[in-house]
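In: below is the sequence, then the predicted model.
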Amino acid sequence: ERLHATVRAVQRTPSERVTLVIHDWGAVYGYRFEATYPALVNGVVAVDIGAHMKLVGFKAHVLAMSYQWWLALAFMIGLVLPFVGNLMTLAMARLFRAPRAMDPKRRSELISAMNFPYFYVWKGLLSGRNPIKLHRFAPLCPTCFVWGKHKPMKFHSQRFVDAVLKVDGSEVHEVKAGHWIMRDKPAEFNAIVKAWLAKNTARGASAGSAR
């Protein structure tokens with residue numbers, strides 16, 4: 001609802017549709033928003049995270065559970081000992097070379113409270129429910145999905161890629177980068193996004209005039 005309120009606040013007219021640029025946990029919230037308010041979304045630029053993923057191999061499963069459980073634990077410890085929870089968060093962020101962790105001026109922004117989504121999801125999974133509820137999600141609007149191939153595991157499934165490409169105007173781009181594509185390959189990433197946005201804007205204007 002907070003995202004819905006934000007979109008409403010930036011709309012110039014009540015009928016204006018927005019383009020979402022989503023990454024990491026923002027992708028989860030973005031997909032949920034599109035599914036809930038499809039009439040408000042003109043397009044989606046999704047970076048490295050699909051609506052559903054399929055881990056391949058024992059190593060990928062262990063890695064995913066290890067870092068997610070660590071961050072969920074950091075959240076819980078941070079409720080009692082914030083300093084310890086923050087240190088655990090920073091340690092994992094530095095291990096994965098997260099942009100803020102590698103910038104001395106921004107490291108203080110990494111706090112254990114940011115790990116609430118990991119705690120929330122695993123609490124749900126361990127109690128027998130899926131709180132994300134995106135396993136059946138399929139894009140309804142044109143989507144530009146850009147993913148980095150240089151990672152220990154993929155954060156998307158082939159089923160998601162196929163669902164994206166079924167929508168007219170959608171594209172999928174594989175980039176030789178890690179999870180933070182916009183940092184690793186900024187020029188290539190920006191060129192892909194700018195080209196797709198131009199095409200999607202023109203497509204939307206053409207559809208609007210046709211109506």
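Out: Cool, the structure landed.
In: quick check: buried residues in the helix ranked longest in the chain?
Out: What stands out as the longest helix in the chain, according to DSSP state H, is helix 186-210. By neighbour count, with 16 or more other Cβ atoms under 10 Å as the criterion, the buried positions of helix 186-210 are 188-189, 192-193, 196, 200, 204. Yep, even glycine has a C-beta here, placed from its N, CA and C like the rest.
In: from these, which is closest to N86?
Out: Lowest distance from N86 to the buried residues of helix 186-210 (Cβ to Cβ) belongs to F189, with 29.8 Å.
In: now the buried residues of helix 186-210 as JSON lines including distance to I77 and pLDDT?
Out: Converted to JSON lines, these look like this (distance: Cβ to Cβ, whole Å; pLDDT from 0 to 100):
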{"residue": "E188", "distance to I77": "39", "pLDDT": "98"}
{"residue": "F189", "distance to I77": "35", "pLDDT": "98"}
{"residue": "I192", "distance to I77": "39", "pLDDT": "98"}
{"residue": "V193", "distance to I77": "38", "pLDDT": "97"}
{"residue": "W196", "distance to I77": "42", "pLDDT": "97"}
{"residue": "N200", "distance to I77": "44", "pLDDT": "90"}
{"residue": "G204", "distance to I77": "47", "pLDDT": "65"}
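In: which among those gets closest to H173?
Out: The nearest member of these to H173, counting by Cβ to Cβ, is I192 at 5.2 Å.
In: next one: the closest residue to that closest one other than its chain neighbours from F58, what distance?
Out: Once flanking residues are discounted, I192 sits nearest to H173: 5.2 Å by Cβ to Cβ, 6 or more residues apart in numbering. Noted for H173: a distance of 29 Å to F58, by Cβ to Cβ, to the nearest Å.
In: those two: who's more crowded?
Out: H173 (15 against 8; other Cβ atoms under 10 Å).
In: who does the more buried one bridge with?
Out: Beta-bridge partners of H173, counted by DSSP bridges, are V146.
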